[in-house]
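Trainee: okay, sequence plus prediction incoming.
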Amino acid sequence: MTVEALRIISPGPLSTIQDLGRPGYQRFGVSVSGAADRYALRLGNLLVGNDQRGAAIEVTIGGAEFEFTSGAIFAITGADLTPTLNGTPVALWETLSADVGDRLSLMSPARPDSGLRAYVNVSGGFDTPVVLGSRSTHIGARLGGIDGRAPEIDDVIPIGPVTNPVFPGRRVPLELLPQYGGDILVRVIPGPQDDLFDSDATATFYNSTYTVSDKSDRMGCRLEGAEVPAIDGAHDIVSDGVLSGAIQIPGNALPIILLADRQTTGGYPKIGVIASVDLALVAQASPGATVRFERISAEDASALARGRMETLRNISFDEPTSGTVHSEELPREYDIRVDGSEYHVEIITGMDEGQTSAIVNGIKYLVHIHPGE
Amino acid sequence: MTASTLLEPRILVCGEDALVVEFGNGIDPVTNDHVYALAAAVEVSKNTAIIELIPTYRSLLVQYDLELSSVADMTAFLNDLIASYMLSTDDHDNTPRQIYELPVAYGGENGEDLDDVADHAGITTDEVIAIHSGTDYRVYMLGFAPGFPYLGGMDERIATPRIASPRVRVPAGSVGIAEKQTGVYPMASPGGWRLIGNTPVSLFDPNAHPPVPFLPGSFIRFVPVSSADTKRIANQVAEGTYRVHMMEQAE
């Protein structure tokens, strides 16, 4: 009997289960957490036919190897950590198929600027317990993931039921691929404490090139470079709420961009907040990468974010014409698209082997079910 | 006390999908009352665009779904609420306090530093317990870690510096003092606070709704209990049958 799951051969320095996080509990001190690069997670889920909110494994830097304990449809998105399946290179941003026993490795970044965090998405999503509305791991608070921790060697992570089977071969359209890089320009909405910085400090912030520090983690991306002193050294404020992308300027006058595992409140002034469409670039910036800032209005940043959500909702992949669907429990009915045409498929299971049939757009076909591929 | 409270709160842009309503820049009860009055008004409004509220000492962060609202719409919505709901100080004084009673076993293995706190204050341990449990503490906000309450109002007679070398592991429920603050560790963690007692009540339970026993904006009263009572309460907490006692009291 096969178990729909992924076994951890090696977790690498940090692999965690992440979805879109657990918003709504910050007033109780609970961090949102979730994927550091939410755009990559959303695309990965769409590639494998999941809801955009499905849980994936976020692999940091590399060193990770997994074994499929069952056949599965999967996709790798985010950083290029040179993924291989049984030693053979496989594509990112594409729907792939694995057989039972196949080994998936994400060992190291292909290039210094190819990103930090890759997402392993499976059709059905990883099915660890939901805590406060999310499977996301917050190691500090011991919430989500596997009993509040990251996967370890020999952990077996269950895969949920496939509700929307898709064929391998789907690809993210080129124009939607993110452009991670070693030199990034990100847009900043000034505030809420931009008034604590005078015009000289503000000019320094927007005109300087910063370098990502190796002290960065899932809580925040720390930057090195020109100091941004607050007026009268007011780097301690009475604690105030913080969100993802907020740029804190603590006492050393060097910016910290808050990421997924940030605390809910902070006592440092925030000179601005990064537009959400650019935050993935920060989450994927490796130590040594350079960062520059440019102003954008809240209205313009909102419009970009709305546009991106619209794009993801309406995404259409170039669908392959045939393939294998891995599913323990097929839904009775679903809609598929082949070569641009819509088909409504209804599965009818007979009493005996060989009696399973599918009604496709009203015409009945006998179908062959491949057992446990 | 009211010096830092702005009569006209400032509405600040916090990124593309959030606003911060800032009532002041200090730590005082009047400012904090305004924060929770507006938070309550936002909740009552049932505005479906709002996805997150973060109340703090002196501000309320309101995050919204940018497909359902905008900077302009949300600013107008909050200005209307502030205009219609922001209570005058007189009205506010009639709002009863919600006081949650947290049972605490003081001293001994439950609070190894109680003697040090007494020595530092030059009083007996019984007097420390009487002072610590004789005040109602305002829960200004929850933050830092899940369920961690930022409390205000400790009597400065029992203020004590942190221990020189932080403990590697402080048990969950530990009640401590650090300088002029008192607090409770929601979960086991390293820490340098002077430990004076322990509460068997869980300050954070992800399976409970809400996941905390008391809401920010309310008050905590520490109630001394015997070691035996602590064990009985701990059993009830484990069985899920314990409820923190809450009373309302006019200010």
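Mentor: Received it, and whenever you're ready, just let me know what you need.
Trainee: from here on, contacts and neighbour counts on C-alpha atoms
Mentor: OK.
Trainee: what are the ranges of the strands in the stretch 51-200 of chain B?
Mentor: Counting by DSSP state E, counting those that start in this stretch, one finds strands in the stretch 51-200 of chain B at the ranges B:59-64, B:97-106, B:136-142, B:149-152, B:167-170, B:174-178, B:181-184, B:189-191, B:194-198.
Trainee: now do the stretch 251-373 of chain A
Mentor: For the stretch 251-373 of chain A, the strands defined by DSSP E, counting those that start in this stretch cover A:256-258, A:265-266, A:270-274, A:290-295, A:333-338, A:341-348, A:357-360, A:363-366.
Trainee: where among these is average confidence lowest?
Mentor: Among those, strand A:363-366 carries the lowest mean pLDDT, at a mean of 58.
Trainee: the residue of chain A found nearest chain B and A:Val242: what is the separation?
Mentor: Per CA to the nearest CA, A:Gly29 is where chain A lies closest to chain B, at 3.9 Å. Computed as CA to CA, to the nearest Å, the A:Gly29 to A:Val242 distance reads 11 Å.
Trainee: looking at these two, which one has more neighbours?
Mentor: Between A:Gly29 and A:Val242, counting by other CA atoms under 10 Å in any protein chain shown, A:Val242 is the more crowded of the two (26 against 23).
Trainee: excluding sequence neighbours, find me the nearest residue to the more buried one.
Mentor: A:Thr265 (5.2 Å; CA to CA, 6 or more residues apart in numbering or on different chains).
Trainee: what of A:Ala298?
Mentor: B:Glu16 (4.5 Å).
Trainee: for chain B, list the residues in contact with chain A, please.
Mentor: For chain B, the residues in contact with chain A (CA under 8 Å from any CA of the partner chain) are B:12-17, B:20, B:25-27, B:51-61, B:66-67, B:70-71, B:141-148, B:206-207, B:211-212, B:215-216.
Trainee: quick one: which of the residues you listed sit in helices?
Mentor: If you go by DSSP state H, the residues of chain B next to chain A have B:Val71 in helices.
Trainee: which among the residues of chain B next to chain A count as buried?
Mentor: Burial by neighbour count, judged by 16 or more other CA atoms under 10 Å in any protein chain shown, picks out B:12-17, B:20, B:25-27, B:51-61, B:66, B:70-71, B:141-148, B:206, B:211-212, B:215-216 from those.
Trainee: what residues does the residue in the stretch 151-251 of chain B that chain A sits nearest to make contact with?
Mentor: Residue of the stretch 151-251 of chain B nearest chain A, by CA to the nearest CA: B:Pro206 (6.2 Å). By CA atoms under 8 Å, 6 or more residues apart in numbering or on different chains, the contact list for B:Pro206 reads A:Val131, A:Leu132.
Trainee: what pLDDT is listed against it?
Mentor: What the model reports for B:Pro206 is a pLDDT of 94.
Trainee: list phi and psi for A:Ser97.
Mentor: Here is the backbone geometry of A:Ser97 (degrees, to the nearest 10): phi -130, psi 140.
Trainee: which non-adjacent residue is nearest it?
Mentor: A:Ile73 (4.6 Å).
Trainee: so which bits of the stretch 51-200 of chain A are right by chain B?
Mentor: So far as CA under 8 Å from any CA goes, the stretch 51-200 of chain A lies against chain B at A:Val131, A:Leu132, A:Ala141, A:Ile189, A:Pro190, A:Gly191, A:Pro192.
Trainee: pull the most distant pair out of those residues.
Mentor: The distance between the two most remote of those (CA to CA) is 34.0 Å, for A:Val131 and A:Pro190.
Trainee: residues contacting the residue nearest to A:Ser97?
Mentor: Contacts for A:Ile73 (CA under 8 Å, 6+ apart) come out as A:Val48, A:Thr95, A:Leu96, A:Ser97, A:Ala98, A:Val122, A:Ser123, A:Val166, A:Phe167, A:Pro168, A:Val325, A:His326.
Trainee: swap in 10 Å and give it another go.
Mentor: Taking CA atoms under 10 Å, 6 or more residues apart in numbering or on different chains, we find A:Ile73 in contact with A:47-49, A:95-99, A:121-124, A:162, A:165-168, A:324-327.
Trainee: return the subset of those residues lying in helices.
Mentor: Short answer: the contacts of A:Ile73 in helices (DSSP H) are A:Leu47.
Trainee: where does pLDDT dip in the chain?
Mentor: Using chain A here. For chain A, the stretches with pLDDT under 70 are A:1-2, A:319-334, A:337-341, A:346-373.
Trainee: the chain in question should be chain B.
Mentor: In chain B (pLDDT under 70), the answer is B:1-7, B:86-94, B:251.
Trainee: kindly recompute the last result at 80.
Mentor: Along chain B, the parts satisfying pLDDT under 80 run over B:1-8, B:85-95, B:251.
Trainee: please parse it into its domains.
Mentor: B:5-93, B:97-249 (automatic domain parsing).
Trainee: give the other helices and strands that the longest helix anywhere in chain B contacts.
Mentor: Ranked by residue count under DSSP H, the longest helix found in chain B is helix B:29-45. Packed against helix B:29-45 by the contact rule (3 or more CA pairs under 10 Å, 6 or more residues apart in numbering or on different chains; DSSP states H and E) you find strand B:5-13, strand B:18-24, strand B:50-55, strand B:59-64, helix B:71-85, helix B:89-93, strand B:136-142.
Trainee: name the residues of that helix that are buried.
Mentor: B:29-39, B:41-42.
Trainee: equivalent analysis for stretch A:196-208, please.
Mentor: A:Leu196, A:Phe197, A:Ala201, A:Thr202, A:Phe205.
Trainee: and it, how far from the chain's centre?
Mentor: Mean-position distance between stretch A:196-208 and its chain equals 32 Å (CA atoms, centre = their mean, to the nearest Å).
Trainee: ditto for stretch A:50-60
Mentor: Offset of stretch A:50-60 from its chain centre (CA atoms, centre = their mean): 5 Å.
Trainee: nearest residue to A:Ala234 other than its sequence neighbours?
Mentor: For A:Ala234, ignoring the flanking residues on the chain, the nearest one in space by CA to CA, 6+ apart is A:Leu196 at 7.3 Å.
Trainee: got phi/psi on the one you found?
Mentor: Per degrees, to the nearest 10, the backbone of A:Leu196 is at phi -90, psi 0.
Trainee: re the thing from before, and the residue of the stretch 151-251 of chain B closest to chain A, how close does it get to A:His138?
Mentor: Counting by CA to CA, the gap from B:Pro206 to A:His138 is 13 Å.
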